[in-house]
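Asker: model this:
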Amino acid sequence: MTDFAKLLVQLRGEESKKSASRRIGIGDTYLAALEVGIDKRSGKPCKPSRAVLEQIALAYEYDYRKLMIAAGLDSDPEYNDTLIGVFQDNLDLQEWYINLPKHKEKDLLKLKAVWDIMIQK
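Answerer: Take a look at the predicted model:
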């Protein structure tokens with residue numbers, strides 16, 4: 001079970017899937033698939049659309065960004081507005097930019113020092 005699936009089960013608590021799915025605005029079988037993390041028909045991981053993720057956040061009064069991170073979608077510009085427009089013409093730079101937060105702080109400080117040197121004239 002994925003972190004996202006576990007979070008959905010936790011957020012629903014004692015509420016029935018039928019009731020929760022009505023509040024969210026999705027089918028109860030789809031909610032069940034999201035809570036398991038696998039689509040039983042295809043055997044593939046369930047990936048909710050951005051609209052569904054937003055509906056879940058609204059229904060459970062839960063932070064959209066935290067849901068996005070739990071679903072592993074925070075590096076996808078379709079879900080994360082902060083990535084839209086970042087190096088659109090250079091996917092290598094975009095990938096580098098997205099992965100920056102995953103580096104150690106000391107490495108980022110070194111990178112900043114190099115940048116400071118570069119912008120001095």
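
Asker: Could you use CA atoms for every contact and neighbour count after this?
Answerer: OK.

Asker: confidence score at Tyr79?
Answerer: On pLDDT, Tyr79 comes in at 85.

Asker: Excluding chain neighbours, what is closest to it?
Answerer: Leaving aside its chain neighbours, Tyr79 sits nearest to Arg50 (5.7 Å; criterion: Cα to Cα, 6 or more residues apart in numbering).

Asker: and the one you found, how many neighbours?
Answerer: 15 (other Cα atoms under 10 Å).

Asker: Okay, it and Asp39: tell me how far apart.
Answerer: Per Cα to Cα, to the nearest Å, Arg50 is found 17 Å from Asp39.

Asker: what does Leu8 give?
Answerer: 15 Å.

Asker: Mind checking which of these two has more residues around it?
Answerer: The neighbour comparison of Leu8 against Asp39 (other Cα under 10 Å) goes to Leu8, with 21 against 17.

Asker: can you pull out the helices in the chain?
Answerer: Counting by DSSP state H, the chain has helices at residues 3-12, 17-24, 28-36, 50-60, 64-70, 91-99, 105-119.

Asker: Excluding sequence neighbours, find me the nearest residue to the residue nearest the centre of the chain.
Answerer: The chain has Met68 as the residue nearest its centroid, 2.4 Å off, counting by Cα atoms, centre = their mean. Residue nearest to Met68 in three dimensions, not counting chain neighbours: Asp74, with 5.6 Å by Cα to Cα, 6+ apart.

Asker: Could you list the buried residues of the helix-or-strand element of the chain with minimal mean pLDDT?
Answerer: Lowest on mean pLDDT, DSSP states H and E among the helices and strands of the chain sits helix 91-99, with a mean of 78. Going by neighbour count (16 or more other Cα atoms under 10 Å), the buried part of helix 91-99 is Gln94, Ile98.

Asker: which helices and strands sit right next to it?
Answerer: For helix 91-99, not one helix or strand is in contact under the criterion 3 or more Cα pairs under 8 Å, 6 or more residues apart in numbering; DSSP states H and E.

Asker: Would you mind writing the CA trace of it as PDB?
Answerer: Extracted in PDB, the C-alpha atoms of helix 91-99 (Å, rounded to 0.1, in the frame of the first residue of the first chain):
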ATOM      1  CA  LEU A  91      14.100  19.300 -20.000                       C
ATOM      2  CA  ASP A  92      17.600  18.600 -18.600                       C
ATOM      3  CA  LEU A  93      17.500  21.900 -16.700                       C
ATOM      4  CA  GLN A  94      14.000  21.300 -15.600                       C
ATOM      5  CA  GLU A  95      14.900  17.900 -14.200                       C
ATOM      6  CA  TRP A  96      17.900  19.400 -12.500                       C
ATOM      7  CA  TYR A  97      15.700  22.200 -11.000                       C
ATOM      8  CA  ILE A  98      13.100  19.700  -9.800                       C
ATOM      9  CA  ASN A  99      15.800  17.500  -8.100                       C
END
